[in-house]
Structures are given as C-alpha cells and as structure tokens.
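Asker: pasting the structure only:
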C-alpha cells in the first residue's frame, strides 16, 4: 500500500510541473491584468504591461497594451518596425493581426500586434524562444 501511495505521489509531482506565481500588470490605460510566471523565471513591469524571462535569458515574453490612436495592427506594426530599425519577416498579416519575426541585438524574436483601427488599445506580444512554458504564460494573461 505504501508503494502505491508513493508511486501516485511521484506521478502527481512529475505531472504538475513548475509552480507559477500570479503577478499584477497594468495596461497603458490603468486596467489591471495578471500573468502567471513559473518558478525559475523573473518578472518585471514594462510600459503598458509586463514581461517574464527565464533566469538564463534563453526565453522571454512581454505582453503590453498601447493606445490605438486610430492605427490598425498593420500600421502599428510598421511604425514599430521602423522604430526598432529591423527587417521583419512577416509570418501572417490579416485585418487586425500582424505576426512577424525580427533579429534584435543578435536574438530572433517573434512579435504579434493585435487590434483594429478604432480600438482603444493594441496588444503587442514579444517572444524570444519557443516552449510550452511561453505558451502557458501567454495563455495565463487574464483581465
């Protein structure tokens, strides 16, 4: 009986993964949202949102909201590319959504801009790396 209990405890421990801490973030207009950040990652606020990075710097994610100012996602992404002075590789471009890769300081990053002209805010998500943890962090964003 003790072996079965020990085996079940081990399976549960291995299947739950790293614990996550819920962090408060604030968008550019002062609305609060949360982001779950796993153990072994650092958290910091950024203008319009927040960011999490793996302790070794190999992965990061930033979720931020910026005033729409009448811009579409495409127009905002074009302005962002110009400001960053990068050459984007467009992965997907639709009405209200732009996804592109770029090299920033020698690191490949993926940036998505979501929002339509007339929206109060546009969402900008920046990711470095690709992992299940990054997707879990993004999926945890909650208003």
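Answerer: It's in. Note that the coordinates shown come from a computational prediction; the quantities given were computed from them, not determined experimentally. Numbering: from 1, shown residues only.
Asker: number of nearby residues for the closest residue to residue 27 other than its chain neighbours?
Answerer: In space, and not counting its chain neighbours, residue 27 is closest to residue 65: 3.8 Å by C-beta to C-beta, 6 or more residues apart in numbering. For glycine as for every other residue, the C-beta is placed from the backbone atoms N, C-alpha and C. When neighbours are counted by other C-beta atoms under 10 Å, residue 65 registers 24.
Asker: Can you give me the distance of residue 65 to residue 122?
Answerer: Residue 65 sits 7 Å away from residue 122, going by C-beta to C-beta, to the nearest Å.
Asker: So which residues make contact with stretch 31-50?
Answerer: 17-28, 51-55, 62-66, 124, 133, 136-137, 140-143 (C-beta atoms under 8 Å, 6 or more residues apart in numbering).
Asker: what do you get if the cut-off is 7 Å, keeping everything else the same?
Answerer: Stretch 31-50 is contacted from outside by 18-28, 51-55, 62-66, 133, 137, 140-143, using C-beta atoms under 7 Å, 6 or more residues apart in numbering.
Asker: likewise stretch 128-136?
Answerer: Residues from elsewhere that reach stretch 128-136 (C-beta under 7 Å, 6+ apart): 38, 58-61, 107, 109, 127.
Asker: Doesn't the residue nearest to residue 27 lie inside a helix?
Answerer: No - under DSSP: H, G, I helix; E, B strand; the rest coil, residue 65 sits outside any helix and is assigned strand.
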